[in-house]
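1. Structure, please.
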Amino acid sequence: METDLTENRLELYGGIWGGFVPLVVLVGGLIWLSVAGMGGTKPFWACGWLAIVAGLFFAKDKKDYCQAIMRGIGDKTGIVIVTAWLFAGVFGKLMVAGGLVKGLLWLGISTGAQGSIFALCVFVAAMLFALGTGTSTGTCIALTPVLYPAGYYLGADPAFLAVAILSGAAFGDNLAPISDTTIVSAFTQGADMRDVVRSRFPLAMAASAITAVVLLVFGGGGSVASLPDLQAQLDPTGAFMLVALAVVVISALSGRHIIESLIYGNISAAIIGIATGNMALTDIFGIPSKRGISTGIIQNGINGVVGAIMFALLILAVTQVLVESGIMGRILKFAEKFIINTVRQAELSIIGVTILASIPISANAPAELLVGPSLVKPIGAKFGLAPARKANLMDCAVCTVFFMLPWHIVVAVWYAAVVSSAEAFGITAPPITTALYNPYSLSLLAVLIFSAITGWNRKYETAEL
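-> Numbering: from 1, shown residues only. Below is the predicted model:
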């Protein structure tokens, strides 16, 4: 957001405490829904709406309050995020329709890998799928039904096999240029997507290397058995969809705008999917047989991100109230006076506040929206941190503890998929507490703290990539 934190436009009844009302209503509702297991971007809409309504009655000038709400919703950062999500959502659907799941399964099984080697292959497959689709939840839903039973029968340890999928999903959410967290972290900090991906790569790869070692050491020990009915799921043509992922990554890294890169990726995915026979042109867009039926993949892709877009706009509105009421400015001044005196303390504070924001909320992009513009950006700016560095600290932080707690939506979806696939094949499933030792998230947290303490990978504005 562009609002100056020292500016205090809104006068509220109760002073600083009146300004906390929208935040309390918002976070309280998010925690309530999340703990009840009903969290999600669409259920969260009501929380944002109620927060805005509650805040109105504490505003001395109702007109100023309403204008602040509209400034938040119309913020240029939010507009970029919304636009990018529209094209990222369609790209993810095209990748799935093009057979990426079956192609990745073919890559894993055709190598003849077993035990801990296959657990590592599962992690790599989930990494690639999440990179290609930008969705951690979608990765768990798409890959678990085939990779978990396959790994079980190929002698992988059930617990580490399951968290290998969750770890790969976290990796993609952390690094993919089309991931909602990557988009939000980059644009709330005013960072170039090329710089973000290039500078985040060493952090993500260091954590993934540690994860690979963990899976190789602990991922085996099961019994190898015959694969029932999984051969029918193999299709090597689906692996060609990785070319579309390469198009997006190469285009973004070459300095092109993320929306331009996503358009090229969408076109590539459509061409490859049609050429391999995995989809038809009418699957992408066509006149439905009757009213109410989807027109195809484009509509489905947009539908898939509507929930996130609407909630993002509500979050931006509430955050604007917090900024213009002076709350965020006071928090920042307190932190600067008593807590943050060095760049190391600043980076550790960014990591800490982002993790704290992600703990009660069952979706991690909203946590970034809550703290990114109002706290992370000015804290980093005080010490001259490069926009990409601020984005990386924040994005890596929301991909650590978030992927370990059972009430978060991605963990709940992951575990539901594990249990469902286990029941379908008559095999055992590990407990949901297995997520607590998600190796990628734990490794990423260690790498992130190491980076903040030692200064490794730290960049300043004058030394931007």
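
2. Please make it C-alpha for all contacts and neighbour counts, starting now.
-> OK.

3. so where's the stretch 201-350 of the chain uncertain?
-> Flagging of the stretch 201-350 of the chain using pLDDT under 70 yields the residue ranges 222-233, 253, 328-339.

4. can you map out the helices along it?
-> Secondary structure of the stretch 201-350 of the chain (DSSP state H, counting those that start in this stretch): helices at 242-253, 258-275, 281-284, 297-324, 327-338, 343-358.

5. Now tabulate those in TSV and tack on distance to Ala36 and mean neighbour count.
-> Formatted as TSV, these follow (distance: least, Cα to Cα, whole Å; neighbours: other Cα atoms under 10 Å):
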stretch	distance to Ala36	mean neighbour count
helix 242-253	36	21
helix 258-275	36	21
helix 281-284	37	16
helix 297-324	19	22
helix 327-338	29	16
helix 343-358	17	21
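
6. Quick check on Pro366: phi, psi?
-> Geometry field for Pro366 lists phi and psi as phi -60, psi -30, criterion degrees, to the nearest 10.

7. ok, the closest residue to it other than its chain neighbours to Ala424 distance?
-> Distances taken as Cα to Cα, 6 or more residues apart in numbering put Ala312 closest to Pro366, at 6.4 Å, once the chain neighbours are dropped. The spacing between Ala312 and Ala424, counted by Cα to Cα, to the nearest Å, is 37 Å.

8. Then Val371?
-> 42 Å.

9. who has more neighbours, the two?
-> The residue with more neighbours, out of Val371 and Ala424 and counting by other Cα atoms under 10 Å, is Val371; that gives 20 against 11.

10. quick one: which helix or strand includes the more buried one?
-> Val371 belongs to helix 364-371 when assigned by DSSP states H and E.

11. any idea of the mean pLDDT for that helix?
-> Per-residue confidence for helix 364-371 averages out to 80 on the pLDDT scale.

12. next helix or strand past that helix?
-> Heading C-terminal from helix 364-371 (DSSP H and E), you reach helix 377-382.

13. Okay, buried residues for that following helix please.
-> By 16 or more other Cα atoms under 10 Å, the buried positions in helix 377-382 come out as 377-381.

14. would CSV of those with pLDDT and distance to Val353 be doable?
-> Supplementary listing: the buried residues of helix 377-382 in CSV, determined by pLDDT from 0 to 100; distance: Cα to Cα, whole Å:
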residue, pLDDT, distance to Val353
Lys377, 90, 12
Pro378, 88, 13
Ile379, 88, 11
Gly380, 90, 13
Ala381, 89, 16
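
15. Of those residues, just say which sits nearest to Leu444.
-> Within the buried residues of helix 377-382, the smallest distance to Leu444 is 20.4 Å, found for Gly380 (Cα to Cα).

16. Next one: the closest one relative to Thr319, how far apart?
-> Using Cα to Cα, which is the criterion applied here, Gly380 is 18 Å from Thr319.

17. ok, back up a step: give the buried residues for the helix holding Val371.
-> Of the residues in helix 364-371, those buried by neighbour count under the rule 16+ other Cα under 10 Å are 364-371.

18. could I get these as JSON lines with distance to Ser208?
-> Formatted as JSON lines, those follow (distance: Cα to Cα, whole Å):
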{"residue": "Asn364", "distance to Ser208": "20"}
{"residue": "Ala365", "distance to Ser208": "21"}
{"residue": "Pro366", "distance to Ser208": "25"}
{"residue": "Ala367", "distance to Ser208": "23"}
{"residue": "Glu368", "distance to Ser208": "22"}
{"residue": "Leu369", "distance to Ser208": "26"}
{"residue": "Leu370", "distance to Ser208": "28"}
{"residue": "Val371", "distance to Ser208": "26"}
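
19. Return the closest of the residues you listed with respect to Leu405.
-> When these are compared for distance to Leu405 (Cα to Cα), Asn364 wins out at 11.9 Å.

20. ok, the closest one touching Thr181?
-> Yes: the criterion here is Cα atoms under 8 Å, and Asn364 meets it with Thr181 at 7.1 Å.

21. sorry, back to before: now the helices of the stretch 201-350 of the chain as a markdown table including distance to Tyr13?
-> Below are these laid out as a markdown table (distance: least, Cα to Cα, whole Å):
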| stretch | distance to Tyr13 |
| --- | --- |
| helix 242-253 | 47 |
| helix 258-275 | 42 |
| helix 281-284 | 53 |
| helix 297-324 | 14 |
| helix 327-338 | 13 |
| helix 343-358 | 26 |
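
22. closest one to Ile109 among these?
-> With Cα to Cα, the closest approach to Ile109 among the helices of the stretch 201-350 of the chain belongs to helix 242-253: 17.3 Å.

23. Counting by contacts, list what the closest one packs against.
-> When contacts are defined as 3 or more Cα pairs under 8 Å, 6 or more residues apart in numbering; DSSP states H and E, helix 242-253 sits against helix 115-133, helix 193-218, helix 258-275.

24. of all those, which lies closest to Val243?
-> Val243 sits nearest to helix 258-275 of all these, at 7.8 Å, using Cα to Cα.

25. what packs against the closest one?
-> Contacts of helix 258-275 with other secondary structure elements, assessed using 3+ Cα pairs under 8 Å, 6+ apart, are made with helix 76-97, helix 242-253.

26. Now tell me what touches that helix from outside.
-> The set of residues that contact helix 258-275 without belonging to it, under Cα atoms under 8 Å, 6 or more residues apart in numbering, is 83-84, 87-88, 90-91, 94-95, 97-99, 177-178, 193, 240-241, 243-245, 247-249, 251-252, 279-281, 284.

27. cool, and stretch 65-85?
-> Under the contact criterion Cα under 8 Å, 6+ apart, stretch 65-85 has outside partners 1-2, 10, 52, 56, 59, 178, 180, 183-184, 187-188, 258-259, 262, 305, 309, 312-314, 316-321, 324.

28. start to end distance for it?
-> From the first residue to the last, stretch 65-85 extends over 28 Å; the measure is Cα to Cα.

29. Flag every buried residue along the host helix or strand of Val24.
-> Val24 is part of helix 16-35 when elements are defined by DSSP H and E. Residues 18-23, 25-31, 33-34 are the ones in helix 16-35 that count as buried (16+ other Cα under 10 Å).
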